[in-house]
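I'd like to go over a predicted model; first the sequence, then the structure.
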Amino acid sequence: MTEKELRKKAMALPLTPGVYIMKNKDKKIIYIGKAKALKNRVSSYFGSHSNHSTKVIRMVENVDNFDYILCDTEFEALVLECSLIKQHMPKYNILLKDDKGYNYIKVTKGEFPRISECYRMDDDNAEYIGPFISTFSVKRAVEETLKIFKLPSCNKKFPRDYGKSRPCLNGFMGLCSAPCNARISKEEYVQNVTDAVAFLKGGSAKAIKEMQAKMEQYSDELEFEKAAKMRDRIRAVKNLDEKQKVVSINVPEEDVFALVNSNKKACFDVIRFKNGRLTDSEHWLIDSVDNSAEARFELIERYYSMRDYIPSRIAVDGEIADEELLHDYLEHVRGKKLEIVHPQKGEHLKIVNMCIKNANEHLAQNQGRLGKEMAALEELGNLLGLPKPPEYIESYDISHTFGADNVAGMIVFHNGRPMKKAYKRFSIKGFDGQNDVGSMNEVLTRRFNHYYEDGEDSTFSILPDLILLDGGEPQVNAVLPVIRSMNLYVPVFGMVKDNKHRTRAIAYDGGEITINSHRAVFTLVSNIQEEVHRFAITYHHKKHEKSSFSSGLLKIEGIGEKKAKALLKHFKTVGAIKKAGVEELAAVPSITKKNAEDIYNYYNCEN
């Protein structure tokens, strides 16, 4: 069916709750959705695509027909939708893929057994502890066990490498017994592995009790060195318990969700608590979302469709579309009461912020950025009320000397870092004299003319996510009409300094936003303001210097502005012109022999 035919069919649907099922030309289900009013929801797909995301547009392009099922309530539609999605797994419904398999702890055999985590059991005569569902828990358990029992985590193979090299950093720091340097006997190494396996199987409480008994035995037998090693091991296990208490909450169970969105990708992060302790952590990198509230609804619903346990409490970092509907659905699946919370203070807010930080870090690693830079952009976007973190920021500053040699500098920060290949310089052409507001208006007009006129290879063809001007509300008000007249939407803010020339606030069309209390934003904006000022004033100094040089040359008879520019272009500096001979000067295009003699005499002959 054509899109026109699909829209006609959609317009005939009733305004009642239901589930719609999109199919491609091969009659394969590609998307399943629910709606409070079928007619409104389904017809919105067919027609103007101006408000649709790229993903929705791609889905609609593949729709050849659709079916629908009427329901009595929106809740009934949600239950049916979830059931059908599990059954058919449509391509455009699967935001998250369940790649969570079983995990094991592997203990190899031989003279020097090794402990590691793995994803499957092989027929290799090794001992396997598990299976475990949580990759996070297995990885952390192995890492901590190797530290406590000072077992190697490197790639060296024993007995081949036993006693054949200097210890690595872990050996020097006392985190490894360094069999590579023969600091430990083979018998003692095997005993450490045996104790480590018992610790993994029995848990810390049982392990401490057994180690306490061994320490007392060694002490009674006057083997004080062995007793001291056992004491240190007990201390390490207790320290691990204390470390785990740091990441804990005062509720029996809770899942914490965070969604961090950028222009190209988003990260959905989950951390899970049981018995007040962190037990699991998962994350997914997905395509950027257009509506975070709607995405949270779909992501949380999808997450619990992949997991067989729903806790009594769920904490979320932001708004959820139709939260009451999601709450009722999850409570229905769980069979018991639950609560969805949005922490605003205390330890629960700290846990949510930790989840956001983790998501930022995963997203930053995927996009080649530092987590702190990602977090700063996220915070700046929230502070300014932007729909997404501003990944591509342009900043402008005007520089002149009492209205002379007016220039502007444009810098770009991409992903929180300077993108110097996109920097641009502007020489103000529209007027002479001191007029920062008029200069800013001219520069932005020229910049966005380039946006429409230049090819894709030009960085001018990139539409910024945010513009920061050096200055306050007057500069912002000068630029906004330019952008509006060109039918563009680019947020514009000013960067305001205090009387000590330090950044203190962000100006907008109607007021100021103080940023001193937002450390990450303050640092980022300060760096941008300092960099754009440096870039603009450096260009101004060069232009002013050339202007001064040119004015000196113009005093020479027969040398006009064009010949002065030709001389400076050829010799680069006035100093080089002064040292040049008549023949060298005459070799410059447009410079006659008479000009050359006059220049030489001007600089080299006493008056």
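Arrived safely.

how far does stretch 348-361 sit from the chain's center?
13 Å (C-alpha atoms, centre = their mean, to the nearest Å).

over it, what's the mean pLDDT, rounded is fine.
When pLDDT is averaged over stretch 348-361, the result is 88.

buried ones in that stretch?
Buried residues in stretch 348-361, counting neighbours by 16 or more other C-beta atoms under 10 Å, are found at 348, 351-352, 354-361. Yep, even glycine has a C-beta here, placed from its N, CA and C like the rest.

low-confidence stretches in the stretch 251-400 of the chain?
The model of the stretch 251-400 of the chain has pLDDT under 70 over residues 367-371.

and of the buried residues of stretch 348-361, the nearest to residue 459?
residue 360 (26.3 Å; C-beta to C-beta).

for the closest one, which non-adjacent residue is spatially closest?
Using C-beta to C-beta, 6 or more residues apart in numbering and skipping the chain neighbours, the partner closest in space to residue 360 is residue 374 (4.4 Å).

tell me how far that neighbour lies from residue 287.
17 Å (C-beta to C-beta, to the nearest Å).

which of the two has more residues huddled nearby?
Ranked by neighbour count (other C-beta atoms under 10 Å), residue 374 and residue 287 place residue 374 first, with 27 against 12.

separation between the residue nearest to residue 360 and residue 10?
For residue 374 relative to residue 10 (C-beta to C-beta), the value is 40 Å.

got it, and residue 78?
Per C-beta to C-beta, residue 78 is found 20 Å from residue 10.

next one: residue 411
Taking C-beta to C-beta, one finds residue 411 at 48 Å from residue 10.

the two: who's more crowded?
residue 411 (24 against 21).

quick one on the thing from earlier: is it true that the residue nearest to residue 360 lies in a helix?
Yes: assessed by DSSP: H, G, I helix; E, B strand; the rest coil, residue 374 belongs to a helix.

that one: what's it in contact with?
Contact analysis of residue 374 by C-beta atoms under 8 Å, 6 or more residues apart in numbering lists 260, 262, 360-361, 363-364, 367, 389, 415-416.

what does residue 340 give?
Applying C-beta under 8 Å, 6+ apart, the residues near residue 340 are 314-316, 320, 323, 326-327, 330.

what residues are up against residue 270?
For residue 270, the contact set (C-beta under 8 Å, 6+ apart) comprises 255-257, 280-283, 303, 355.

bridged to residue 425, which residues?
Here residue 425 sits in beta bridges with residue 409, as judged by DSSP bridges.

again with residue 418
Under the criterion used here (DSSP bridges), residue 418 is bridged to residue 413.

pull the number of nearby residues for it.
16.

what are the ranges of the strands in the stretch 501-607 of the chain?
Assigned by DSSP state E, counting those that start in this stretch, the stretch 501-607 of the chain shows strands spanning 503-508, 511-514.

give me the element residue 300 is part of.
helix 292-306 (DSSP states H and E).

which strands or helices does that helix pack on?
helix 74-88, strand 253-261, strand 265-274, strand 313-316, helix 323-334 (3 or more C-beta pairs under 8 Å, 6 or more residues apart in numbering; DSSP states H and E).

which other helices and strands does the shortest one contact?
By that I understand strand 313-316. Judged by 3+ C-beta pairs under 8 Å, 6+ apart, strand 313-316 is in contact with strand 253-261, helix 292-306, strand 339-341, helix 346-366.

show me what counts as buried in the second one.
Spelled out, that is helix 292-306. 292, 295-304.

so which of those residues is the closest to residue 398?
Closest to residue 398, out of all of the buried residues of helix 292-306 and judged by C-beta to C-beta, is residue 292, at 36.9 Å.

between the longest helix along the chain and strand 503-508, how many degrees?
Scanning the chain for the longest helix, with DSSP state H as the assignment, gives helix 519-553. Orientation of helix 519-553 against strand 503-508 (axes from the mean of the first three to the mean of the last three C-alpha atoms, to 10 degrees) gives an angle of 90 degrees.

check the average confidence over helix 519-553, would you?
79.

now do stretch 95-110
76.

how long is that stretch end to end?
45 Å (C-alpha to C-alpha, to the nearest Å).

now swap in stretch 461-478 and tell me
22 Å.

so what's the residue count around residue 561?
When neighbours are counted by other C-beta under 10 Å, residue 561 registers 11.

so which of the helices and strands packed on strand 313-316 is nearest residue 68?
Using C-beta to C-beta, the nearest of these to residue 68 is helix 292-306, at 19.5 Å.

just want the angle from that closest one to strand 253-261.
Using the same axes, to 10 degrees: helix 292-306 against strand 253-261 is 130 degrees.

please report how far the closest residue to residue 412 other than its chain neighbours lies from residue 329.
Distances taken as C-beta to C-beta, 6+ apart place residue 422 nearest to residue 412, at 3.9 Å, with adjacent residues excluded. Residue 422 sits 47 Å away from residue 329, going by C-beta to C-beta.

tell me the buried residues in stretch 272-281?
Those would be 272-273, 276, 278-281, for stretch 272-281 by 16+ other C-beta under 10 Å.

show me what contacts residue 165?
156, 180-181.

ok, of the residues you listed, which one's closest to residue 27?
Among those, and counting by C-beta to C-beta, the member closest to residue 27 is residue 156, at 57.7 Å.

which helix or which strand is home to the closest one?
Counting by DSSP H and E, residue 156 is part of no helix or strand.

residue 33 now?
In the assignment (DSSP H and E), residue 33 maps to strand 29-35.

for that strand, which helices and strands make contact with it?
Against strand 29-35 (3+ C-beta pairs under 8 Å, 6+ apart) you get strand 18-23, helix 38-43, helix 74-88.

then the longest one to PDB, C-alphas only?
In other words, helix 74-88. Taking Å, rounded to 0.1, in the frame of the first residue of the first chain, the C-alpha atoms of helix 74-88 are listed here in PDB:
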ATOM      1  CA  GLU A  74      -4.700   1.600  27.700                       C
ATOM      2  CA  PHE A  75      -3.400  -0.700  30.400                       C
ATOM      3  CA  GLU A  76      -4.900  -3.700  28.600                       C
ATOM      4  CA  ALA A  77      -3.200  -2.400  25.400                       C
ATOM      5  CA  LEU A  78       0.200  -2.200  27.100                       C
ATOM      6  CA  VAL A  79      -0.100  -5.700  28.500                       C
ATOM      7  CA  LEU A  80      -1.000  -7.000  25.000                       C
ATOM      8  CA  GLU A  81       1.700  -5.000  23.300                       C
ATOM      9  CA  CYS A  82       4.400  -6.400  25.700                       C
ATOM     10  CA  SER A  83       3.200  -9.900  25.100                       C
ATOM     11  CA  LEU A  84       3.200  -9.500  21.300                       C
ATOM     12  CA  ILE A  85       6.700  -7.900  21.300                       C
ATOM     13  CA  LYS A  86       8.100 -10.900  23.300                       C
ATOM     14  CA  GLN A  87       6.500 -13.300  20.800                       C
ATOM     15  CA  HIS A  88       7.500 -11.600  17.600                       C
END
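
got the buried residues for that helix?
Judged by neighbour count using 16+ other C-beta under 10 Å, the buried positions of helix 74-88 are 74-82, 84-85.

grab the nearest non-local neighbour of residue 159.
Nearest to residue 159 is residue 111, by C-beta to C-beta, 6+ apart, at 5.2 Å.
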